[in-house]
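**Student:** this one's sequence-less:
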């Protein structure tokens, strides 16, 4: 079984910067002009999952909730520390989660 998570967006370049440059995931491919949609596939090479982001003339109609999360786990503390250092360098700030579990274990 493969996992594909798809999300429509208004800015693929910002998405790519976040997932590829900031988090360190792989740019697995892109497509353009497929029935009015452009898109990018982001994940880890050789794995059976990826994120797909698309853009078109149709605006996304998302109504996210603060508990809507995509959670990515690092295997090692040093990997998390490197991501956290990049976040601070890029001017991001931590935010407390509504669900206390994520502040304790996330």
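**Tutor:** Yep, that arrived. Just so it is clear, the structure is predicted and the values come from calculations on it, not from any experiment. Numbering: from 1, shown residues only.
**Student:** start to end distance for stretch 29-43?
**Tutor:** The first and final residues of stretch 29-43 sit 10 Å from each other (CA to CA, to the nearest Å).
**Student:** for that stretch, give me every contacting residue.
**Tutor:** 12, 15-16, 19-20, 25-28, 49-57 (CB atoms under 8 Å, 6 or more residues apart in numbering). Just so you know, the C-beta spots here come from the backbone N, C-alpha and C atoms, and that holds for glycine as well.
**Student:** figure out how far that stretch is from the centre of its chain.
**Tutor:** Mean-position distance between stretch 29-43 and its chain equals 15 Å (CA atoms, centre = their mean, to the nearest Å).
**Student:** list the buried residues of it.
**Tutor:** For stretch 29-43, burial by neighbour count (16 or more other CB atoms under 10 Å) applies to 39-43.
**Student:** which of those fall within strands?
**Tutor:** Using DSSP state E, the members of those that fall in strands are 39-43.
**Student:** which residue of the chain sits farthest from its center?
**Tutor:** Distance from the centre of the chain peaks at residue 35, with 23.9 Å (CA atoms, centre = their mean).
**Student:** ok, so what distance separates that residue from residue 58?
**Tutor:** 11 Å (CB to CB, to the nearest Å).
**Student:** before we move on, back to that, for residue 6, state which of the buried residues of stretch 29-43 is nearest.
**Tutor:** Closest approach between the buried residues of stretch 29-43 and residue 6, by CB to CB: residue 39, at 8.4 Å.
**Student:** list the beta-bridge partners for that closest one.
**Tutor:** residue 31, residue 54 (DSSP bridges).
**Student:** measure it to residue 75 for me?
**Tutor:** 28 Å.
**Student:** okay, the buried residues of stretch 29-43 in a markdown table with pLDDT and distance to residue 95 next?
**Tutor:** Below are the buried residues of stretch 29-43 laid out as a markdown table (pLDDT from 0 to 100; distance: CB to CB, whole Å):
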| residue | pLDDT | distance to residue 95 |
| --- | --- | --- |
| 39 | 97 | 29 |
| 40 | 98 | 26 |
| 41 | 98 | 28 |
| 42 | 98 | 23 |
| 43 | 97 | 25 |
